[in-house]
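In: Here is a sequence with its predicted model. Questions after.
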Number of protein chains: 2
Amino acid sequence: MSVLNIIKIGGNIIDDPVQLDAFLEKFSALSGRKILVHGGGKIATRIAADLGIEAKMVEGRRITDAPMLDVVTMVYAGLTNKNVVAQLQKHNCDAIGLCGADANVIKAVKRPVREIDYGFAGDILADSINTLAIKKLLEAEFTPVFSAITHNGLGQLLNTNADTIASSLAVALSQVYEVSLIYCFEKNGVLLDVNNDQSVIETIRAQEFQQLKDNQVIHDGMIPKLQNAFDAIAKGVSNVYIGNANNLHLYQQRKFGTCLIA
Amino acid sequence: MSVLNIIKIGGNIIDDPVQLDAFLEKFSALSGRKILVHGGGKIATRIAADLGIEAKMVEGRRITDAPMLDVVTMVYAGLTNKNVVAQLQKHNCDAIGLCGADANVIKAVKRPVREIDYGFAGDILADSINTLAIKKLLEAEFTPVFSAITHNGLGQLLNTNADTIASSLAVALSQVYEVSLIYCFEKNGVLLDVNNDQSVIETIRAQEFQQLKDNQVIHDGMIPKLQNAFDAIAKGVSNVYIGNANNLHLYQQRKFGTCLIA
């Protein structure tokens, strides 16, 4: 199977134009088939505030009511996605920006209302990813760039977590490619000592993860991220990397962040 | 050569959700290869006003300063384009939304500053259209949906007139397809009597156009539209239709609006 790298960048890089352009240049330089998934950043919150739309949060999670859905659609799938694509084209990467409705690439379901009504939040199911359509784009030598907007197939756009999109794409596409999933964030990797940015753990195997959790070596905030990564590996993803966006140019030299494997 | 229909819808349909959905259902039902180009509508002006951004006009033309470029990118390439694509997917049309930066489909140049500085307005040149990329998408059986945002290849997004995008696409793609260009608007076609909506002229040949102008039969406002259409025909487009968006279902029965031919 051919190799496919799926790279996720978070909102803090999106919010910093200089860092973002440096990152996109490094992303463009990666050889082979690749996909970019980007988070939202703070722009949506700022524009919502400027439009007098109140950001509603319940237990740290954003509630996507209809006005907020319009804002995140404008910002994530419009302003951010198109500027990222234009920058990538500048760096000779033949990017094509997508939300889940485009080519029907990701069909999510509106989160059922239980104790909390999350509004237009889209949950990804096992069959949400249109592997065939994404493969067509990749084989046509385009580089898909995903924003965190999906649709339900019935005309309704939905807001979906970008980390979830990245891992769901990785799992689904591992049926047709040898997939590496690369989470770029502001730390150098998973750290043995949270206060020492040089204490990066090079490799963590699934069985070691349990040990590291038991011994409380891994910082609490990292545990859900790593758990999701190992879940993706259990479902067919070859490996997951977690590292600093500024170091992405070291990835193909295998000197990037922490590598998680089965 | 295979047939390709390029359909342009204007802002007044975009602004009316009920009319828009009816139109998109008819568009979805058209058989064969097709492209949709959509204008902007009044949403961008409203959102700009809500954000405290003043719409600058000179001689009836919008000046796209940096804040306004962000707004039109959000609205045209985000909110409008993604909602149109989601509706088309609902109607089983495998739409993929594009701005000019996506797959580098349209590379425009920033309008040179002479008497007026139009800001981030993008002019389309003879080699602006990436025929190969659009052909790849069409042959992969996607239906491209173009918003009126382009890029300059150097990372800068630009605002470009949607009518111009439609005719430029038609001319460029007539090298590889037998192209019909269909302008949908609120009238039934080119009218012999502007006050009688039933007085549609069925066919106008290029040589008749000059006569109709000389005899002042054609309403002034229609002349630039028709001139552009005949220019496109002179450059290889097979024919141009002008008719009512509500009648698009009659197009493949050849009962739609006015047909302009060489």
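Out: Structure's in. What do you need?
In: Any idea how far stretch A:132-151 is from the middle of the chain?
Out: Mean C-alpha position of stretch A:132-151 versus that of the full chain (Cα atoms, centre = their mean, to the nearest Å) differs by 14 Å.
In: Can you point out the buried residues in that stretch?
Out: Of the residues in stretch A:132-151, those buried by neighbour count under the rule 16 or more other Cβ atoms under 10 Å in any protein chain shown are A:133-138, A:140, A:142-151. Using the backbone N, CA and C atoms, a C-beta is placed for each residue, glycine as well.
In: And for stretch A:88-105?
Out: By neighbour count with 16+ other Cβ under 10 Å, stretch A:88-105 contains the buried residues A:88-90, A:93-105.
In: End to end on stretch A:174-193, go ahead and measure it.
Out: One end of stretch A:174-193 sits 33 Å from the other (Cα to Cα, to the nearest Å).
In: Isn't residue A:244 up against residue A:184?
Out: Yes - judged on Cβ atoms under 8 Å, residue A:244 makes contact with residue A:184 at a distance of 7.1 Å.
In: Which one of the residues in the stretch 51-200 of chain A is closest to chain B?
Out: Per Cβ to the nearest Cβ, residue A:78 is where the stretch 51-200 of chain A lies closest to chain B, at 1.9 Å.
In: Make sure that residue is actually in contact with residue B:75.
Out: Yes - the criterion here is Cβ under 8 Å, and residue A:78 meets it with residue B:75 at 7.1 Å.
In: So between those two, which is more surrounded?
Out: Summary of the neighbour comparison: residue A:78 and residue B:75, criterion other Cβ atoms under 10 Å in any protein chain shown, with residue A:78 having more neighbours (32 against 28).
In: show me what contacts that one?
Out: If a contact means Cβ atoms under 8 Å, 6 or more residues apart in numbering or on different chains, then residue A:78 has B:73, B:74, B:75, B:76, B:77, B:78, B:79, B:81, B:82 as its contacts.
In: Look up the closest residue to it, ignoring the ones flanking it.
Out: In space, and not counting its chain neighbours, residue A:78 is closest to residue B:78: 1.9 Å by Cβ to Cβ, 6 or more residues apart in numbering or on different chains.
In: Considering the contacts of residue A:78, which possesses the most neighbours?
Out: Within those, residue B:78 tops the neighbour count with 32 neighbours, counted by other Cβ under 10 Å.
In: how about that residue, secondary structure?
Out: Under DSSP: H, G, I helix; E, B strand; the rest coil, the three-state class of residue B:78 is helix.
In: Check the one 4 residues further on too.
Out: Here residue B:82 is helix, with the state taken from three-state DSSP.
In: Contact partners for it?
Out: A:73, A:77, A:78, A:99, A:101, A:102, A:149, A:157, B:97.
In: What separation do you get for the residue nearest to residue A:78 and residue A:250?
Out: For residue B:78, the distance to residue A:250 (Cβ to Cβ, to the nearest Å) stands at 34 Å.
In: now, which of the contacts of residue A:78 sits nearest residue B:42?
Out: Closest approach between the contacts of residue A:78 and residue B:42, by Cβ to Cβ: residue B:75, at 9.9 Å.
In: my read: that closest one touches residue B:46, true?
Out: No - here residue B:75 lies out of contact with residue B:46, judged by Cβ under 8 Å, at a distance of 9.0 Å.
In: Endpoint to endpoint, stretch A:71-91 covers what distance?
Out: The straight-line separation of the ends of stretch A:71-91 (Cα to Cα) is 28 Å.
In: That one - what's its average pLDDT?
Out: If you average the pLDDT over stretch A:71-91, you get 98.
In: Same check on stretch A:37-56?
Out: Stretch A:37-56 shows an average pLDDT of 91 in the prediction.
In: can you list the residues that contact it?
Out: A:6-12, A:14-15, A:62-63, A:65, A:67-68, A:71-72, A:74-76, A:79-81, A:84, A:145-148, A:162-163, A:165-166, A:169, B:47, B:50-52, B:74.
In: hmm, 7 Å instead?
Out: Contacts made with stretch A:37-56 from outside it, assessed by Cβ atoms under 7 Å, 6 or more residues apart in numbering or on different chains, are listed as A:6, A:8-11, A:14-15, A:62-63, A:65, A:67-68, A:71-72, A:75-76, A:79-80, A:84, A:145-148, A:162, A:165-166, A:169, B:50-51.
In: if we can go back for a sec, more crowded one of residue A:244 and residue A:184?
Out: Legend: neighbour count by other Cβ under 10 Å for residue A:244 and residue A:184, higher for residue A:184 (24 against 18).
In: Tell me if I'm right that the more buried one and residue A:11 touch.
Out: No - when contacts are counted by Cβ atoms under 7 Å, residue A:184 is not listed as touching residue A:11 (11.5 Å).
In: Would you mind measuring from residue A:182 to residue A:36?
Out: With the distance defined as Cβ to Cβ, residue A:182 ends up 10 Å from residue A:36.
In: closest to residue A:236 among the contacts of residue A:78?
Out: Of all the contacts of residue A:78, the one with the least separation from residue A:236 (Cβ to Cβ) is residue B:82, at 29.8 Å.
In: if we can go back for a sec, can you tell me which of the buried residues of stretch A:132-151 end up in helices?
Out: Assigned to helices by DSSP state H, the following of those qualify: A:133, A:134, A:135, A:136, A:137, A:138.
In: Tabulate the residues you listed (JSON lines), appending distance to chain B.
Out: Formatted as JSON lines, the entries for those read as follows, by distance: Cβ to the nearest Cβ, whole Å:
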{"residue": "A:133", "distance to chain B": "8"}
{"residue": "A:134", "distance to chain B": "11"}
{"residue": "A:135", "distance to chain B": "10"}
{"residue": "A:136", "distance to chain B": "5"}
{"residue": "A:137", "distance to chain B": "8"}
{"residue": "A:138", "distance to chain B": "11"}
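In: where's residue A:184, which helix or strand?
Out: Under DSSP states H and E, the secondary-structure element containing residue A:184 is strand A:178-185.
In: Chain B contacts on the stretch 51-200 of chain A?
Out: The stretch 51-200 of chain A has residues A:51, A:70, A:73-75, A:77-79, A:82-83, A:85-87, A:89-90, A:94, A:96-97, A:99, A:101-104, A:136, A:140, A:142, A:149, A:151, A:153-157 near chain B, with proximity defined as Cβ under 7 Å from any Cβ of the partner chain.
In: So, low pLDDT: which residues of chain A?
Out: Scanning chain A for pLDDT under 70 picks out no residues.
In: So which residues of it form helices?
Out: If DSSP H is used as the criterion, the helices of chain A fall at A:11-14, A:17-29, A:43-50, A:66-72, A:81-90, A:131-139, A:162-173, A:206-214, A:223-234.
In: The fourth one: which residues count as buried?
Out: Going by neighbour count (16+ other Cβ under 10 Å), the buried part of helix A:66-72 is A:68, A:69, A:70, A:71, A:72.
In: Check the burial of the nearest residue to the second one once chain neighbours are set aside by counting its neighbours.
Out: Residue nearest to residue A:69 in three dimensions, not counting chain neighbours: residue A:120, with 4.3 Å by Cβ to Cβ, 6+ apart. Burial of residue A:120 is recorded as 23 neighbouring residues (other Cβ under 10 Å).
In: Show the contacting residues for residue A:74.
Out: Contacts were defined as Cβ under 7 Å, 6+ apart; by that measure residue A:74 touches B:74, B:75, B:78, B:79.
In: which one among the residues you listed gets closest to chain A?
Out: Compare each of these with chain A using Cβ to the nearest Cβ and the shortest gap goes to residue B:78, at 1.9 Å.
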